[in-house]
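1. what follows is a predicted structure for the sequence shown.
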Amino acid sequence: MLQEELFEIFQQVIVDLDEARIDSDSFQSFTFTWETAMKIARDREKMLREFRLVSDSL
């Protein structure tokens, strides 16, 4: 669910870049932050899946 929200934000930033509401430097800064947030979301999702597997086996 978090990843979906992050992709929606990313899509809006692309539109803002296309419509010159932000410049390329701002886009690069956003992209770094966005990639970090996606990595954290993936890592947490993986941890939750692993936790569920362990919990189910108990």
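-> Looks like it came in fine.

2. Ala20: what secondary structure?
-> coil (DSSP: H, G, I helix; E, B strand; the rest coil).

3. for this protein, what spans make up the strands?
-> For the chain, applying DSSP state E gives no strands.

4. in it, which helix is the longest?
-> helix 24-57 (DSSP state H).

5. what's the neighbour count on Phe30?
-> Residue crowding around Phe30 was assessed by other C-beta atoms under 10 Å; the count is 17. To be clear about C-beta, it is placed using only N, CA and C from the backbone, and glycine gets the same treatment.

6. let me fix that: Ile9
-> 13.

7. which residues sit in contact with it?
-> Trp34 (C-beta atoms under 8 Å, 6 or more residues apart in numbering).

8. look up how far Asp56 lies from it.
-> Distance of Ile9 to Asp56, computed by C-beta to C-beta, to the nearest Å: 33 Å.

9. just Gln3 next, same as before
-> Taken as C-beta to C-beta, the span from Gln3 to Asp56 is 23 Å.

10. nothing else from me, thank you.
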